[in-house]
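Enquirer: Predicted model follows, preceded by the sequence.
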Amino acid sequence: MSSAPSTIPAEPVADRKIQQVRTGRERSNWPATIVLIVCTLSVLVPLYVTLSMAFKTTGQAVDGNAFSLPSPLNFDSFVQAWTLTNFPRGFAISVFVSVTAVAGEIIVSALAAYAIVRNWDRRLFRWSFFYLLAAMFIPFPVVALPQIQLTGLVGLDNPLGVAILHIVFALAFNTMLFTAFLRSIPLELEESMRIDGAGTWQVFWKLIFPLLGPMSATVGIFAFIASWNDFMMPSLIISDPELQTIPVLQKIFQTQFSNSYNVAFASYLMAMAPAIIVYLFTQRWVMAGLTQGAVK
């Protein structure tokens with residue numbers, strides 16, 4: 001009686017795929033890694049120099065060694081920059097412009113996107129969206145002169161006018177982001193509220209706007225960074241030097257910083273610190289809003 005031939009069990013297909021995936025993960029993409037390292041250093045090295053120079057004395061700042069550590073730490077440069085540029089006033093004006101721009105961009109863009117998405121079958125709203133997309137290709141310098149004349153005629157040559165212009169010029173990009181996100185929200189949710197007697201405004205404020213939280217955070221972060229660091233628009237629109245924002249004030253006092261590098265870097269550090277802090281604490285919402293809006 002012949003015994004059955006022994007067979008070696010074949011390796012399951014699933015195990016082979018898992019092994020291939022693990023092998024692929026162990027491989028390093030050195031070109032991409034090198035590019036990331038270079039990009040990281042291009043950000044960290046200037047930031048280190050800024051921190052180092054800001055805490056140095058005037059003598060240490062001009063010794064030609066920008067990478068040396070300050071010894072001892074000197075805080076007088078921050079005091080001089082604080083008083084020289086009248087930092088509290090400039091900081092308050094910059095905060096006003098940024099907060100107004102953030103709130104306005106979120107609310108106006110969300111309303112525009114909601115109207116476009118829910119009325120897409122109507123030609124007026126559909127072409128309005130295309131019109132906004134076309135406006136994205138018009139940079140501010142192209143229309144700078146008409147805007148300067150217009151804001152002067154209507155009395156908006158002040159920080160409020162700058163905030164309004166930020167809202168208007170960011171409307172196209174923000175509406176595109178909100179539109180992509182709104183398409184992922186089921187229409188059945190609104191219909192259930194309308195059956196219960198809710199109107200359009202109630203549906204938007206009580207249902208749609210809370211659901212737009214991740215994208216609102218993304219738009220708000222972009223709006224804050226853009227308005228806080230903006231130099232061109234305030235310098236052209238605001239006519240009163242006493243009402244200028246921090247970036248413009250630093251340019252005004254640039255000549256007084258020429259012989260005091262430590263004071264200059266201290267002023268730069270105080271100006272960019274709020275934007276860095278806001279981004280570090282809110283960066284996870286940027287990717288969350290973009291990825292949720294990209295997947296329907």
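Expert: Arrived safely, thanks for sending.
Enquirer: got the residue ranges for the strands in the stretch 1-150 of the chain?
Expert: Counting by DSSP state E, counting those that start in this stretch, one finds no strands in the stretch 1-150 of the chain.
Enquirer: thought Ile116 was touching Leu124?
Expert: No: contact status for Ile116 versus Leu124: not in contact, 9.8 Å apart, counting by Cβ atoms under 8 Å. (Each C-beta comes from the backbone N, C-alpha and C, glycine too.)
Enquirer: Just want to check the distance between the closest residue to Gln250 other than its chain neighbours and Ile164.
Expert: Leaving aside its sequence neighbours, Gln250 sits nearest to Ser267 (Cβ to Cβ, 6 or more residues apart in numbering; 5.6 Å). Distance of Ser267 to Ile164, computed by Cβ to Cβ, to the nearest Å: 28 Å.
Enquirer: the more surrounded of the two?
Expert: Ser267 (26 against 17; other Cβ atoms under 10 Å).
Enquirer: right, and the more buried one touches Ala81 too?
Expert: Yes: using Cβ under 8 Å, Ser267 is in contact with Ala81, at 3.9 Å.
Enquirer: Count the residues that sit near the residue lying closest to Val49 once chain neighbours are set aside.
Expert: Nearest residue to Val49, sequence neighbours excluded (Cβ to Cβ, 6+ apart): Ala66, at 5.1 Å. A count of nearby residues for Ala66, using other Cβ under 10 Å, gives 16.
Enquirer: likewise Ile148?
Expert: When neighbours are counted by other Cβ under 10 Å, Ile148 registers 16.
Enquirer: who touches the closest residue to it other than its chain neighbours in this structure?
Expert: Nearest residue to Ile148, sequence neighbours excluded (Cβ to Cβ, 6+ apart): Leu236, at 5.6 Å. Residues near Leu236 by Cβ atoms under 8 Å, 6 or more residues apart in numbering: 144, 147-148.
Enquirer: Report pLDDT for Leu236.
Expert: On the pLDDT scale, Leu236 is placed at 90.
Enquirer: try the one 5 residues further on
Expert: At Pro241, the model reports a pLDDT of 86.
Enquirer: likewise Thr175?
Expert: For Thr175, pLDDT reads 93.
Enquirer: Can you give me every residue that contacts it?
Expert: Counted by Cβ under 8 Å, 6+ apart, Thr175 has contacts 109, 112-113, 116, 129, 132.
Enquirer: Reformat those into JSON lines and put distance to Gly90 next to each item.
Expert: As requested, the contacts of Thr175 are arranged in JSON lines below (distance: Cβ to Cβ, whole Å):
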{"residue": "Ser109", "distance to Gly90": "28"}
{"residue": "Ala112", "distance to Gly90": "32"}
{"residue": "Ala113", "distance to Gly90": "34"}
{"residue": "Ile116", "distance to Gly90": "38"}
{"residue": "Phe129", "distance to Gly90": "38"}
{"residue": "Leu132", "distance to Gly90": "33"}
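Enquirer: Pull the most distant pair out of those residues.
Expert: Of all pairs drawn from the contacts of Thr175, the greatest distance, 12.0 Å, lies between Ser109 and Phe129 (Cβ to Cβ).
Enquirer: So which of the two has more stuff around it?
Expert: Higher neighbour count among Ser109 and Phe129: Ser109, with 27 against 19, using other Cβ under 10 Å.
Enquirer: From Asn174, how far off is that one?
Expert: For Ser109, the distance to Asn174 (Cβ to Cβ) stands at 4 Å.
Enquirer: just Phe129 next, same as before
Expert: 13 Å.
Enquirer: Over to Phe130?
Expert: 16 Å.
Enquirer: can you check Ala217 too?
Expert: Taken as Cβ to Cβ, the span from Ala217 to Asn174 is 12 Å.
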